[in-house]
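Visitor: curious how this folds, go ahead:
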Amino acid sequence: MRRLDGRKLVVATHNKGKLAEISELIAPYGLEARSAGDYGLPEPPETGTSFEENALTKAFAAASATGLPALSDDSGLVVDALDGQPGVYTADWAERPDGSGRDFLMAMQKVETLLQDRGATTPDRRTGRFVAVLCLAWPDGHAEYFRGEVEGTLVWPPRGDRGFGYDPVFKPDGYEQTFGEMTAGEKHAWEAGRGDLGLSHRARAFARFATAMLETA
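Guide: The predicted model follows:
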């Protein structure tokens, strides 16, 4: 495994919610991080069929354009009763038909409608997970991957206005609040050097990244 050498890093995302979460997780390590948007980079098309493929596409595009290591995230909601949908197309489900941006309330309604159509009305039929894959890529094409998952249940109607994306309909196992009702601290529930993997999928992926790339023995 190649370790991160140096303190400069590109966060390869244009998603403000993801950027905020990753920036908060990076902060304890004193990394000098700027986003792909700060560099004026375009968003590369995500045509992969796995979270790993899409994460690599974003990270390598930013790394090759800037000459710096780049960290990307590809994440999504995997619903068991929907045969794993929306999965890698989680963000696509939120695209407005007129192309004017993303509407996650619309996307959450789409998930709920499909669950109702399949008779998934009880908690045992509404299970799923959030998955996050972090990819750290270098300009020479080398890449390392770090995966995090959190199991939960889909609720309706949406609850809470914190977080972003599908957070208001996802209740992680062992908790009564949805991610949309939790503070950032409650959702991440992980601190540098503490040794656990945290609560959210992104915190769990980042814990593995930090252990391998940032923490010294």
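
Visitor: from what I can see Leu4 touches Ala137, true?
Guide: No: taking contacts as Cβ atoms under 8 Å, Leu4 lies outside contact range of Ala137: 11.2 Å. Quick note: C-beta positions are derived from backbone N, CA and C, even for glycine.

Visitor: name the residue in these two with the higher neighbour count.
Guide: A count of neighbours by other Cβ atoms under 10 Å puts Ala137 above the other of Leu4 and Ala137, at 26 against 19.

Visitor: shared neighbours, Leu4 and Ala137?
Guide: Residues touching both Leu4 and Ala137 (Cβ atoms under 8 Å, 6 or more residues apart in numbering) are Pro69.

Visitor: what ranges does this structure have for its strands?
Guide: According to DSSP state E, the chain carries its strands in the segments 8-11, 32-35, 70-79, 127-137, 143-154, 170-172.

Visitor: tell me the strands beside the fifth one, with direction?
Guide: On the basis of DSSP bridges, the sheet neighbours of strand 143-154 come out as strand 127-137 (antiparallel), strand 170-172 (antiparallel).

Visitor: if you average the pLDDT over that strand, what comes out?
Guide: Model confidence over strand 143-154, given as mean pLDDT, is 97.

Visitor: and that strand, C-alpha only, in PDB?
Guide: Presented in PDB, the C-alpha positions along strand 143-154 are these (Å, rounded to 0.1, in the frame of the first residue of the first chain):
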ATOM      1  CA  ALA A 143      -5.000   4.200  -6.400                       C
ATOM      2  CA  GLU A 144      -6.000   2.900  -3.000                       C
ATOM      3  CA  TYR A 145      -9.600   2.200  -1.900                       C
ATOM      4  CA  PHE A 146     -11.400   2.300   1.400                       C
ATOM      5  CA  ARG A 147     -15.000   1.100   1.800                       C
ATOM      6  CA  GLY A 148     -17.500   1.800   4.500                       C
ATOM      7  CA  GLU A 149     -21.100   0.500   5.000                       C
ATOM      8  CA  VAL A 150     -23.900   1.100   7.500                       C
ATOM      9  CA  GLU A 151     -27.000  -1.000   7.700                       C
ATOM     10  CA  GLY A 152     -30.400   0.500   8.300                       C
ATOM     11  CA  THR A 153     -34.100   0.800   7.600                       C
ATOM     12  CA  LEU A 154     -36.000   3.100   5.200                       C
END
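
Visitor: which helix in this structure runs the most residues?
Guide: Taking DSSP state H as the criterion, the chain has its longest helix at helix 51-66.
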